[in-house]
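*Asks:* got a sequence here, can you build the structure:
(2 chains)
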Amino acid sequence: MKILRWVLGLIFIALFFYYNFFIFQGDIIFKLINIILFSSLFVLFRVIFGPSPADRIVAVDILGILIVGMLALMGLHYENDFFVDVGLIWALLSFIASLAFAKILEGRSLDD
Amino acid sequence: MINETIGMIFIFVGIAFDFFGVLGLVRLPDVYNRLQAATKCVTFGSAGILFGAFIMQGFSSFGFKALLGIAFIFLTAPVAAHAISRAAHRSGIPLSNKTVVDFYKKDHELKE
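*Replies:* As a prediction, this is how the structure comes out:
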């Protein structure tokens, strides 16, 4: 059963990389953005099926950091720098949201 | 030309760190293991992408914003991870059954 899960996951990842690098026609930066979107699919899996509330909080925190890198790549492709502004604000807001979620998880109120 | 080559090398390394960190977020057995794998790898990966963008764009407004993004990520991500892990341990989320030692619980019992 464990071997079957390993093989299924490996086939899934290998199919994605084969499609991304050999069939998909596009710029090289678009292919890299596709890899980050595929990674955020795993993060959303952990958000939906996480066994405990802390798992979901960790996944949301990680998603915020991934999006910052993706926005930098989009700014490189479109030759425009307001994407990086969005990334800066996203990083700070994700930090504040993580601290607030941690406080609520611990059982304290927000103005403690 | 040489700037673009070096920047693309940094971006490739950052994408690889992102992908393996998210793979650790899915595969590891425990909240704390997932937290340490995902936070360290994804922080370094996104910082690598932003540094590659800085090298490709030079000292323009894009480059300075990318450097500011690296500073924000390096300041905020470890603090958020520490707060989440502390809140998870205090709210009683169980550790994995392969855990060898738990120093936080031992120190807390000594202090009581």
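
*Asks:* is whichever strand or helix holds A:Ile29 positioned near chain B?
*Replies:* According to DSSP states H and E, A:Ile29 maps onto helix A:28-49. Yes - counting by Cβ under 8 Å from any Cβ of the partner chain, chain B is contacted by helix A:28-49 at A:Ile28, A:Leu32, A:Ile35, A:Ile36, A:Phe38, A:Ser39, A:Ser40, A:Phe42, A:Val43, A:Phe45, A:Arg46. C-beta here means a position set from N, CA and C on the backbone, and glycine is covered the same way.

*Asks:* the closest residue in space to B:Phe74 that isn't next to it in sequence - how many residues pack around it?
*Replies:* Nearest residue to B:Phe74, sequence neighbours excluded (Cβ to Cβ, 6 or more residues apart in numbering or on different chains): B:Ala47, at 6.5 Å. Counted with other Cβ atoms under 10 Å in any protein chain shown, the neighbours of B:Ala47 add up to 23.

*Asks:* my guess is B:Ala47 contacts B:Gly14. True?
*Replies:* Yes - using Cβ atoms under 8 Å, B:Ala47 is in contact with B:Gly14, at 7.3 Å.

*Asks:* quick one: contacts for A:Asp81?
*Replies:* Residues near A:Asp81 by Cβ atoms under 8 Å, 6 or more residues apart in numbering or on different chains: A:Gly75, B:Ser60, B:Ser61, B:Phe62, B:Lys65.

*Asks:* where does the last one land on pLDDT?
*Replies:* Spelled out, that is B:Lys65. Note on B:Lys65: pLDDT of 90.
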